[in-house]
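Colleague: fold the stuff below for me.
(one chain, ligands or ions: 1)
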Amino acid sequence: MNENVALKANDLVRIHTAIRLKIEEEIAAKTETRDRKLDELQNLERPKSDDRSQQLDAREVLSREITRLNLKLLALRETVDRIKIGTYGICRHCEESIPVNRLQAMPEATACVNCADERGTLHLVHV
Ligand SMILES: [Zn+2]
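Modeller: Residues are numbered from 1 along each chain as shown. Model (predicted):
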């Protein structure tokens, strides 16, 4: 049984709006974290201590975190766009509706469980 069949269009709009609000909050929080890390990184660019290797390590860790945050932000913004233009919640492979409980657990999912599983991307946040 596909639970989406039983869901009324109004319910879907309500659920998508709730997901969108949640994502927008996450975008705001992650943007703040990213900016804070960029500041930290900039402070590290001006070396003041004599332990340069330690600073290089810290810089690399920060750069990696910033890259990860930027990728996540990109996926989240794309998700908001899909909600806005009405293509959200549709599997990009088989074009079936992605079950609402999957979207609630993983809002940036672009494939249904079957297709994601088949392609080995079930647990990938962004492909
Ligand atoms: Zn699918």
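Colleague: lowest-pLDDT helix or strand in the protein?
Modeller: helix 3-6 (a mean of 54; mean pLDDT, DSSP states H and E).
Colleague: ok, then the element right after it?
Modeller: Note on helix 3-6: by DSSP states H and E, the next helix or strand toward the C-terminus is helix 9-45.
Colleague: buried residues, the next helix or strand after that following helix. List them.
Modeller: Using DSSP H and E, the next helix or strand after helix 9-45 towards the C-terminus is helix 52-85. Under the neighbour-count criterion of 16 or more other Cβ atoms under 10 Å, helix 52-85 has Gln55, Leu62, Ile66, Leu69, Lys72, Leu73, Ala75, Leu76, Thr79, Val80, Arg82, Ile83 buried. Just so you know, the C-beta spots here come from the backbone N, C-alpha and C atoms, and that holds for glycine as well.
Colleague: if I look at the closest residue to Glu26 other than its chain neighbours, how far off is the ion?
Modeller: Nearest non-adjacent residue to Glu26, counting by Cβ to Cβ, 6 or more residues apart in numbering: Leu76, 6.0 Å away. Distance of Leu76 to the ion, computed by Cβ to the ion, to the nearest Å: 21 Å.
Colleague: need phi/psi at the residue nearest to Arg82 when sequence neighbours are not counted.
Modeller: Nearest residue to Arg82, sequence neighbours excluded (Cβ to Cβ, 6+ apart): Tyr88, at 4.1 Å. With angles defined as degrees, to the nearest 10, Tyr88 sits at phi -70, psi 140.
Colleague: hmm, Tyr88 is touching His16, no?
Modeller: Yes: the pair Tyr88 / His16 is scored as a contact, 5.8 Å apart, by Cβ atoms under 8 Å.
Colleague: touching, Gln44 and Asp57? I think so.
Modeller: Just so we're on the same page, residue 44 is Leu rather than Gln. No: using Cβ under 8 Å, Leu44 is not in contact with Asp57; the gap is 10.1 Å.
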